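**Q** what follows is a predicted structure for the sequence shown.
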Amino acid sequence: MTKRRPLVAGNWKMNGLKASVPEFGRIVDGCDASLVAKLDLMVCPPATLLAALAAAAPGSPVSLGGQDCHTDASGAHTGDISAEMLADAGASAVIVGHSERRADHGESDAEVRAKAEAARRAGLVAIICVGESREEREAGKALDIVRSQLAGSVPEGATGEGVVIAYEPIWAIGTGLTPTTTDIAQMHGAMREVLTARFGKEGERMRLLYGGSVKPENAREILAVPDVDGALVGGASLKAESFLGIARAYL
Ligand SMILES: O=C[C@H](O)COP(=O)(O)O
């Protein structure tokens, strides 16, 4: 059986000013040898903070990620940020296809796939998000929706090293609601099946994160589900104490 190193990634979304740098420092300080031995820890701040966080903790075991990237490396795209720019600012990964971007910016699977390809071009790990809406879940379509998002959003030649998948049911994001562990196990099992059928060993190596209302209180139960290789954490990643509390579920 393939052994995958867990990843707990924090998505700060559109939260954080320069005043948040010390909070990142507290995350770094709390990422002690016992955690480093067990898992990878990452923070994805707003792009405006990437360079400041990178400078605040050089050589830190807590890696940095962006929250989105353009498909081009540079050019006339006012307001956009390329994967190369994120890498230059200190990121080693980028989230693509988060449901908030799919909803707010109408991002399609094809666009998400092109963004994941841009991440690869820049040497960044692509954290590709998928997940169904409440209506889709209630209509019994969750598995089909996620299978189709995976087919459309994950690029050809994806590797276990270069791609992480985050399953985030939209109705669980920021709501305090979570699927049952049985439902999470079913979804992650189905995702693993799709990915190994398409990518073979690389699909087996890909880390599958769960995201949506993960907190220190429920982390142990969720992270113990088979084929859950970590978490993508929103609200609870903004405070070192709760973010580290989730990571400590692995100790
Ligand atoms: O990217 C993170 C997710 O959208 C989860 O957010 P949440 O932990 O606040 O529910």
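**A** Sure thing, it's come through.
**Q** may I have the beta-bridge partners of the residue lying closest to Arg5 once chain neighbours are set aside?
**A** Closest residue to Arg5 apart from its sequence neighbours, by CB to CB, 6 or more residues apart in numbering: Asp40 at 6.0 Å. C-betas here are computed from N, CA, C, even on glycine. Beta-bridge pairing of Asp40, defined through DSSP bridges, involves Leu7.
**Q** shaky segments in the chain?
**A** The model of the chain has pLDDT under 70 over residues 1.
**Q** swap the cut-off to 50 and go again
**A** Applying pLDDT under 50 to the predicted model, the chain contains no residue that meets it.
**Q** in it, what residue is nearest the ligand?
**A** Gly234 (2.3 Å; CB to the nearest ligand atom).
**Q** how much space between that residue and Arg147?
**A** When distances are taken as CB to CB, to the nearest Å, Gly234 and Arg147 turn out to be 24 Å apart.
**Q** what of Thr71?
**A** Noted for Thr71: a distance of 24 Å to Arg147, by CB to CB.
**Q** wait, isn't the residue nearest to Arg5 in contact with Gly10?
**A** No. The criterion here is CB atoms under 8 Å, and Asp40 misses it with Gly10 at 11.8 Å.
**Q** who's more crowded, the two?
**A** The residue with more neighbours, out of Asp40 and Gly10 and counting by other CB atoms under 10 Å, is Gly10; that gives 28 against 22.
**Q** tell me what the strand or helix carrying the more buried one is packed against?
**A** Applying DSSP states H and E as the criterion places Gly10 in strand 7-11. Using 3 or more CB pairs under 8 Å, 6 or more residues apart in numbering; DSSP states H and E as the contact definition, the elements that strand 7-11 packs against are strand 40-44, strand 93-96, strand 163-167, strand 207-211, strand 230-233, helix 240-247.
**Q** let me know the angle separating that strand from strand 40-44.
**A** 10 degrees (axes from the mean of the first three to the mean of the last three CA atoms, to 10 degrees).
**Q** which residues of the stretch 101-250 of the chain lie near the ligand?
**A** Residues of the stretch 101-250 of the chain found near the ligand, taking CB under 6 Å from any ligand atom as the criterion, are Glu168, Ile173, Gly174, Gly211, Gly212, Ser213, Val214, Leu232, Val233, Gly234, Gly235, Ala236.
**Q** coming back round to it: between Gly234 and Arg147, who's got more neighbours?
**A** A side-by-side neighbour count of Gly234 and Arg147, using other CB under 10 Å, places Gly234 first with 22 against 16.
**Q** list the residues that contact that one.
**A** Residues touching Gly234, when contacts are defined by CB atoms under 8 Å, 6 or more residues apart in numbering, comprise Gly10, Asn11, Lys13, Ile173, Gly174, Gly211.
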